[in-house]
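A.B. asks: Predicted model and sequence follow; I will ask about them next.
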Amino acid sequence: MKAHHIEEVLFSADQIEARVRALVHDMAEGCRSENLVLIGVLRGSFIFLADLVRELYRQDVHPRIDFMTLESYGSGTESSGTVRVAKDVGMEVAGTDVLVVDDILDTGRTLSFARQHLLALGARTVRTCALLDKPARRSVPFQADYVGFTIEDRFVVGYGLDYDGRYREVPHIACVTFAG
Ligand code: 5GP
Ligand code: MG
């Protein structure tokens, strides 16, 4: 782990809460399928997904929920080119309408892989939702159907996102500054 500190709050817990509510309001009408499955990409999406589904409940949307663990080779703050399934979905997704939920859309490789993978498993439709989007970092063309916040090319932690396994529990989203 490089020397670093966490300082600047990018989005407060209150700002995130308000944005999640508005986002679910936008997605609720499109999510009326009887056969809706939310699939969280572990591990970064777990808090976002937990907030999303409770807000969906308030807006009378009742999906089934599952997770998959996707890994890109490499560590630290850079993802490498290849995505692999470390743990696949446990539920039958053939014929379902899937909404994939990820923490952050960066190069685009993870969500683009997830989409292809779920279509290959027979999902009827696959839509994608990312809490954060860094369009400047895209290396494969990809646009999520729903985005919480669009941000600049900064490394962020909190609200589920980690640096080397740490800071997931931070209730707001903060920028990491690397020393040196
Ligand atoms: P992509 O495949 O779009 O490059 O990568 C998305 C994944 O990279 C995210 O799900 C996340 O795990 C990781 N990632 C990308 N940018 C950040 C960031 O700023 N902070 C953290 N904690 N993870 C990031
Ligand atoms: Mg991730």
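C.D. replies: That came through fine. Numbers count the residues shown, from 1 in each chain. Ligands and ions are numbered 1, 2, ... in the order given.
A.B. asks: This protein: helices as residue ranges?
C.D. replies: Secondary structure of the chain (DSSP state H): helices located at 13-28, 46-58, 109-120.
A.B. asks: Make CSV from those helices and add mean neighbour count to it.
C.D. replies: Bear in mind the C-beta positions are built from the backbone N, C-alpha and C, glycine included. Shown next, in CSV, are the helices of the chain (neighbours: other C-beta atoms under 10 Å):
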stretch, mean neighbour count
helix 13-28, 15
helix 46-58, 18
helix 109-120, 19
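A.B. asks: in the protein, which spans are strands?
C.D. replies: Under the criterion DSSP state E, the chain contains strands at 4-11, 36-42, 64-72, 83-87, 97-105, 125-133, 146-150, 156-157, 173-178.
A.B. asks: Would you mind finding the most buried of these?
C.D. replies: Per residue and on average, the most neighbours among the strands of the chain fall to strand 97-105, with a mean of 25 (mean count of other C-beta atoms under 10 Å).
A.B. asks: and the residue nearest the centre of the chain, what pLDDT?
C.D. replies: When C-alpha atoms, centre = their mean is applied to the chain, the residue found nearest the centroid is residue 102 (1.3 Å). Predicted confidence (pLDDT) for residue 102: 98.
A.B. asks: Test my guess that it contacts residue 43.
C.D. replies: No - judged on C-beta atoms under 8 Å, residue 102 makes no contact with residue 43 at a distance of 10.7 Å.
A.B. asks: got the residues of the chain near ligand 1?
C.D. replies: 44, 72, 79, 102-110, 155-157, 161-163 (C-beta under 6 Å from any ligand atom).
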